[in-house]
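Chemist: can't give you the sequence, but here's the structure:
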C-alpha cells in the first residue's frame, strides 16, 4: 500500500474563494428575480368584468413555485446526505461531506425565496383550497344543520312510536295479568321491560352528541366541496402558516447544527463533535422525514386538494436525493477544475458517488413507477385525476420521453458500466443530464395543474407562461448558486480534522 | 492421516505465510511484477486494494450477469405479450390488450430479470471457479488451515510456467515469507 496518505498532512484544510463568480451569480439571479416581480406587478390589474387578475398573472405563481421547489430539492438532498453520512458513520465520504453540508445549508436561502408563496396572490392562485375554503365550510355547516334536523325529526317519530308501543303492551299485559299464572306473569312483565328498553334506547340516541356526530360522518355529502370540508381540519390557514415555518425551522436547524459542529471540529480537532454529530443525526432523521414529507404534501400534493397519494413524500425524496448527488458530482468536478480538492478526492470517490447515483436512479424509477402503477391499475376515480391530466396531449409525450426514457433508462444503462463511473467528465455529463431530467420531472409535477386550475378546465397548457417559468428558474438558480458559493467560502472545503479523514483519503472500493 | 510417499503425487505448489496484511500486500505486488500467473492469496478478511496489488483485471462475471438479466427481461416480456396480447387477448380491469398495457407486465418482468441475473451470478461464479469439486490439494496443507484464523497466505501453483521448485522457494523467502510449505496434490 505504497503512497498511503496521512491525514495529518491535510489538517490545514483548503479554503475556497469564489471571487467574482459569487457576485455575478447574485447579479444574474437578483436581476431575473426583479424582472420577474416587475412583470408580476405590471400584470396585476383586474380585467374589466372579471373578479381576478389575468390568468397569465396568476400563472406566474406556478412559475415561482416550480423554480423554488426545483432548487429546494437539491438543497434538502444535501441535508439528507449529511444526515446519512453521520448516522451511518460513513468513512469514505468524509472528504466530500463538507460539500453536502454547504449544499444543505442553502435550504435557508430557498425558504427565503419561498416567502412570496405565502402572500395571498400566490397562495390563492396555487392552492384552490384557500379561496374555496370558506364556502366549503359554510356548505358543510348547512349540510350538517339540515342532516341533523332530519335525523332529529326521524328520531322524534321513533320515540313516539316506542312510547305508543309501550303504552299498548302495558295496557294489554296488565289486563291479562289478572288471570295469569306465576309463570305467565313473568313472561308478561318481561314484555313490558323490553318495550321500556326500546324507548330508553331511542331517548339515549336523542340525548347523545356522539350519536349525532357519527350519523353526520356517515351521511352522504351532496355538495361539491365535501372533500375540502372534510379535510379542513388539516387544510386551514393558521395551521398551514404554522407548518410553513415549522418546515423552515426544522430543516434548517438540522443542517445548522450538523454543519456548525463539523466546522468547530475543524478548529479544535476535538472528536467529541464527531460523536455528537453521529448521535444527533440519528435523532434528526425522523424529523427530517416528517418535515419533508409534509412539506411536499402541503406545497405540491395540495395543488389539487382532492387528490392524494401516500407515496408522494417518498417520490419527491427520491428525486431530491438523486439530484442532489448529481449536483454534488458537478460541484466537485467544477471545484477540482478550479484547482481545489485535487489532493484529497480520488477517482474512488467519483466511483462511489457514481454508484449512489445509479442506486438512486433505480430508486426514483421504482417509486415513480410504483405510484403510477398502483393508481393506474386500481383505477379508482379519486386517485386517477393526477395521471389523467398528465396523460393528456403533450404531457403524455413529456412523461414517456423525459421521465420513462430520459430519467430512467438512459442514465441507468450508462451508469451500469463501471469504467464510466470512474471518469469524472463522463460522470459529470451524466449528472448534468440527470439534473435536466429533474427539471422535466418537477415541471411535470407542478405545471400541468396550472391550466386546468386557472381556466377551470378549459385550457390544458398556458403557453404564455413558459417564458416566466424559465425566468423564475434563472432567478432562483442565480440566488441558489450565490448561496452555495457563500457557504463554500466559509470554512475548509473538507472536514480537515475529522477522525475518519484518514479512511476517506485512502478509500479503495 | 495424510498420504505417504508411495503416491504418484506431483507438487501442487508453495504455501507461504506472511506476517501481516501489509506484508502480504507488498509480497503480492512483487509476485505480480515477477510475472507469475497461477497464484492466489488467502486472508481471514478482505484486504482493500488487493486485486490491484495482484494485478487482477475486471471480472467477466458482470458480463454473464448482464446476459442473464437481459434473458430474463426478454423472456418475461415475450411470455406475457405472446400469451396475454397475441395468443389469447385477456382483458383485465378494462385495460387494453396492446402496447399500452405494458405497465401491467413490469412486475413480472422485473422479477424475472432479477431471478435470471441471480442465476447467472451463481452459476457463472461456479463455472469460473471450477466448482463444485470434491477436494482441493490445499486442504492437505497444515499451514493453509490458518487462512480462516490469522494467516495471511500466498499460494504459487506448480502449474505456473515460471515455477521452479528451489528458485521459487528462495523468491518467496526473499519477499518476506515467514513460513513456507510445499503442498502435494
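Modeler: Structure received. This is a predicted model, so every value here is computed, not measured.

Chemist: What separation do you get for the nearest residue to residue A:147 once chain neighbours are set aside and residue A:213?
Modeler: Leaving aside its chain neighbours, residue A:147 sits nearest to residue A:219 (4.9 Å; criterion: CB to CB, 6 or more residues apart in numbering or on different chains). In this view, the C-beta of every residue, glycine as well, is placed from N, C-alpha and C. Residue A:219 sits at a distance of 11 Å from residue A:213 (criterion: CB to CB, to the nearest Å).

Chemist: Mind checking which of those two has more residues around it?
Modeler: Each of residue A:219 and residue A:213 has its neighbours counted (other CB atoms under 10 Å in any protein chain shown); residue A:219 has more, 15 against 12.

Chemist: Assess the claim that that one and residue A:146 are in contact.
Modeler: No. Here residue A:219 does not reach residue A:146: they are 9.6 Å apart, not a contact under CB atoms under 8 Å.

Chemist: After the helix or strand encompassing residue A:274, which helix or strand is next? Please name it.
Modeler: Applying DSSP states H and E as the criterion places residue A:274 in helix A:272-299. Per DSSP H and E, the first helix or strand lying C-terminal to helix A:272-299 is helix A:312-337.

Chemist: helices and strands around that following helix, which ones?
Modeler: Identification of packing neighbours for helix A:312-337 by 3 or more CB pairs under 8 Å, 6 or more residues apart in numbering or on different chains; DSSP states H and E yields helix A:55-87, helix A:94-105, helix A:272-299, helix A:347-378, helix A:424-446.

Chemist: again, 10 Å this time
Modeler: Packing partners of helix A:312-337 (3 or more CB pairs under 10 Å, 6 or more residues apart in numbering or on different chains; DSSP states H and E): helix A:55-87, helix A:94-105, helix A:272-299, helix A:347-378, helix A:424-446, helix A:466-488.

Chemist: so how far is that helix off the chain centroid?
Modeler: Distance of helix A:312-337 from the chain centroid (CA atoms, centre = their mean, to the nearest Å) equals 17 Å.

Chemist: which ones are touching residue A:506?
Modeler: Shown in contact with residue A:506 (CB atoms under 10 Å, 6 or more residues apart in numbering or on different chains): A:1, A:3, A:4, A:5, A:6, A:7, A:91, A:92, A:346, A:348, B:48, B:49.

Chemist: per-residue confidence for residue A:2?
Modeler: Per-residue pLDDT puts residue A:2 at 46.

Chemist: cool, and the one 4 residues further on?
Modeler: According to the per-residue confidence, residue A:6 scores 84 in pLDDT.

Chemist: Tell me, how many residues neighbour it?
Modeler: As a burial measure, residue A:6 scores 11 neighbours (other CB under 10 Å).

Chemist: so when I look at residue B:13, I'm seeing a strand, right?
Modeler: Yes. Residue B:13: assigned to a strand according to DSSP: H, G, I helix; E, B strand; the rest coil.

Chemist: List the contacts of the residue nearest to it when sequence neighbours are not counted.
Modeler: Nearest non-adjacent residue to residue B:13, counting by CB to CB, 6+ apart: residue B:157, 4.0 Å away. Contacts for residue B:157 (CB under 10 Å, 6+ apart) come out as B:11-14, B:36-40, B:137-138, B:163, B:183, B:185.

Chemist: With pLDDT as added columns, please give the residues you listed in CSV.
Modeler: Listed next are the contacts of residue B:157 as CSV, based on pLDDT from 0 to 100:
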residue, pLDDT
B:11, 86
B:12, 89
B:13, 91
B:14, 92
B:36, 91
B:37, 90
B:38, 91
B:39, 92
B:40, 92
B:137, 88
B:138, 90
B:163, 88
B:183, 90
B:185, 74
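
Chemist: Mind listing what's buried along the host helix or strand of residue B:77?
Modeler: Taking DSSP H and E as the criterion, residue B:77 maps to helix B:61-81. Judged by neighbour count using 16 or more other CB atoms under 10 Å in any protein chain shown, the buried positions of helix B:61-81 are B:64, B:65, B:68, B:69, B:71, B:72, B:73, B:75, B:76, B:77, B:80, B:81.

Chemist: Run through those and flag the ones next to chain A.
Modeler: When contact is defined as CB under 10 Å from any CB of the partner chain, these meet chain A at residue B:69.

Chemist: And residue A:452, how close does it get to chain B?
Modeler: In this view, residue A:452 and chain B are 23 Å apart by CB to the nearest CB, to the nearest Å.

Chemist: My understanding was that that residue contacts residue A:460; is that so?
Modeler: Yes. The pair residue A:452 / residue A:460 is scored as a contact, 6.7 Å apart, by CB atoms under 10 Å.

Chemist: Name the nearest residue to the residue nearest the centre of chain A, sequence neighbours excluded.
Modeler: By CA atoms, centre = their mean, chain A has its centre lying nearest to residue A:296, at 1.5 Å. Closest residue in space to residue A:296, ignoring its immediate chain neighbours: residue A:316 at 4.3 Å, by CB to CB, 6+ apart.

Chemist: likewise residue A:123?
Modeler: residue A:130 (5.3 Å).

Chemist: for the one you found, what are its contacts?
Modeler: Neighbours of residue A:130 in contact, by CB under 10 Å, 6+ apart: A:120, A:123, A:124, A:235, A:236, A:237, A:240, A:302, A:305.

Chemist: In a strand, it, correct?
Modeler: No. Counting by three-state DSSP, residue A:130 falls outside a strand, being helix.

Chemist: from the stretch 401-509 of chain A, which residue is nearest to chain B?
Modeler: residue A:508 (4.3 Å; CB to the nearest CB).

Chemist: How many residues are close by that residue?
Modeler: By other CB under 10 Å, 14 other residues sit near residue A:508.

Chemist: Provide a list of residues in contact with it.
Modeler: So residue A:508 contacts A:1, A:92, A:346, A:348, A:351, B:47, B:48, B:49, B:50, B:51, B:52 (CB under 10 Å, 6+ apart).

Chemist: burial measure for the spatially closest residue to residue A:406 that is not a sequence neighbour, as a count.
Modeler: Among residues not flanking residue A:406 along the chain, residue A:437 sits closest, at 4.8 Å (CB to CB, 6+ apart). By other CB under 10 Å, 24 other residues sit near residue A:437.

Chemist: Pretty sure residue A:437 sits against residue A:322.
Modeler: Yes. Using CB under 10 Å, residue A:437 is in contact with residue A:322, at 9.5 Å.

Chemist: Show me the common contact partners of these two, please.
Modeler: Residues touching both residue A:437 and residue A:322 by CB under 10 Å, 6+ apart: A:361, A:364, A:407, A:411.

Chemist: Please produce JSON lines containing those, extended by distance to residue A:61 and pLDDT.
Modeler: Output for these, formatted as JSON lines (distance: CB to CB, whole Å; pLDDT from 0 to 100):
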{"residue": "A:361", "distance to residue A:61": "31", "pLDDT": "95"}
{"residue": "A:364", "distance to residue A:61": "27", "pLDDT": "96"}
{"residue": "A:407", "distance to residue A:61": "26", "pLDDT": "94"}
{"residue": "A:411", "distance to residue A:61": "32", "pLDDT": "95"}
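
Chemist: Determine which two of these are furthest apart.
Modeler: A:364 and A:411 (9.8 Å; CB to CB).

Chemist: any idea of the angle the lengthiest helix in chain B forms with helix B:61-81?
Modeler: Secondary structure of chain B per DSSP state H: the longest helix is helix B:102-128. Put simply, helix B:102-128 runs at 140 degrees to helix B:61-81, going by axes from the mean of the first three to the mean of the last three CA atoms, to 10 degrees.
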